[in-house]
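Visitor: Give me the fold of what follows.
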Amino acid sequence: MKNDIDGKENILTELSVSEIFGEVFACTNILHSLVTVISLRASEVLFLD
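Guide: Numbers count the residues shown, from 1 in each chain. This is a model prediction of the structure:
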């Protein structure tokens, strides 16, 4: 999701089963990202540390 100048939310992409997101942050020293994910169904999330 991304908010435009008027505060309206826009969907940037939709993922299907087994697709991944945020992998670019797994190999960086960034502790917190500005990425927001909203799930429409029950989901399992794997956090790599």
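Visitor: Surely L12 is in contact with F21?
Guide: No - using CB atoms under 8 Å, L12 is not in contact with F21, being 10.5 Å away. Where you see a C-beta, it was placed from the backbone N, CA and C, and this is true even at glycine.
Visitor: so where's this protein uncertain?
Guide: Scanning the chain for pLDDT under 70 picks out 49.
Visitor: Need the phi and psi values for C27.
Guide: Per-residue torsions, C27: phi -110, psi 20 (degrees, to the nearest 10).
Visitor: What about it, how many residues nearby?
Guide: 8 (other CB atoms under 10 Å).
Visitor: Please apply the same query to G7.
Guide: Neighbour tally, G7, other CB under 10 Å: 6.
Visitor: Quick check: it vs S16, distance?
Guide: 28 Å (CB to CB, to the nearest Å).
Visitor: same thing with F25?
Guide: Taken as CB to CB, the span from F25 to S16 is 21 Å.
Visitor: Neighbour count for those two, which is higher?
Guide: Ranked by neighbour count (other CB under 10 Å), F25 and S16 place F25 first, with 14 against 5.
Visitor: In contact with the more buried one: list those residues for me.
Guide: S33, V35 (CB atoms under 8 Å, 6 or more residues apart in numbering).
Visitor: So what does it look like in phi/psi?
Guide: Dihedral angles (degrees, to the nearest 10) for F25: phi -80, psi -20.
Visitor: Most distant residue from the centre of this structure?
Guide: Centroid-distance maximum for the chain: D6 at 21.7 Å, with CA atoms, centre = their mean.
Visitor: Quick one: residues contacting the closest residue to I11 other than its chain neighbours.
Guide: Nearest non-adjacent residue to I11, counting by CB to CB, 6 or more residues apart in numbering: M1, 6.2 Å away. Residues in contact with M1 (CB under 8 Å, 6+ apart) are E9, N10, I11, L12, T36, I38.
Visitor: For A42, see how far away M1 is.
Guide: 19 Å.
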